[in-house]
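*Asks:* next comes the sequence, and after it the predicted model I'd like to discuss.
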Amino acid sequence: MGSTTASWKDLFAAWPAEMPRRAVVITALNEQIPFSGFRTGEAFLLLERAMPDSLGARMVIVPYDQIVAVKLTEVVKSRWLRCLGFEQAPGGD
């Protein structure tokens with residue numbers, strides 16, 4: 001498992017229970033997949049959609065190594081970011 005793959009897996013595994021599970025995953029094929037829930041697996045991430053896509057799909061299974069970014073669509077509290085592994089830069093507010 002590559003380091004980027006492990007990092008995405010770790011990020012989703014560490015997602016705080018209080019933090020809304022709504023965001024957008026961007027894949028290596030430049031697909032933007034909005035989700036309203038997810039489940040982690042060993043090699044794949046299962047994304048649950050609030051609304052079906054144009055083909056009627058409500059769930060998408062994405063390999064971790066195909067994730068290139070995650071857009072957070074909710075207001076995120078600092079403590080949640082710390083749970084995800086983010087630290088405040090020195091001198092930052």
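*Replies:* Cool, got the structure. Owing to the predicted nature of the structure, the values given are computational and were not obtained by experimental measurement.

*Asks:* use CA for all of it now, contacts and neighbours both
*Replies:* Will do.

*Asks:* could you give me the buried positions within stretch 51-67?
*Replies:* Applying a neighbour-count criterion of 16 or more other CA atoms under 10 Å, the buried positions in stretch 51-67 are Met59, Val60, Val62, Pro63, Tyr64, Asp65, Gln66, Ile67.

*Asks:* how much space separates the nearest residue to the first one once chain neighbours are set aside from Val75?
*Replies:* Spatially, and ignoring its direct neighbours in sequence, Met59 is nearest to Glu48 (4.6 Å; CA to CA, 6 or more residues apart in numbering). Going from Glu48 to Val75 by CA to CA, to the nearest Å gives 20 Å.

*Asks:* over to Gln88?
*Replies:* Summarising the geometry, the distance separating Gln88 from Val75, computed by CA to CA, is 17 Å.

*Asks:* looking at Glu48 and Val75, which one has more neighbours?
*Replies:* Relative neighbour count places Glu48 above the other of Glu48 and Val75, with 21 against 8, counting by other CA atoms under 10 Å.

*Asks:* torsion angles phi and psi at that one?
*Replies:* When quoted as degrees, to the nearest 10, the phi and psi of Glu48 stand at phi -110, psi 130.

*Asks:* many thanks, I have nothing further to ask.
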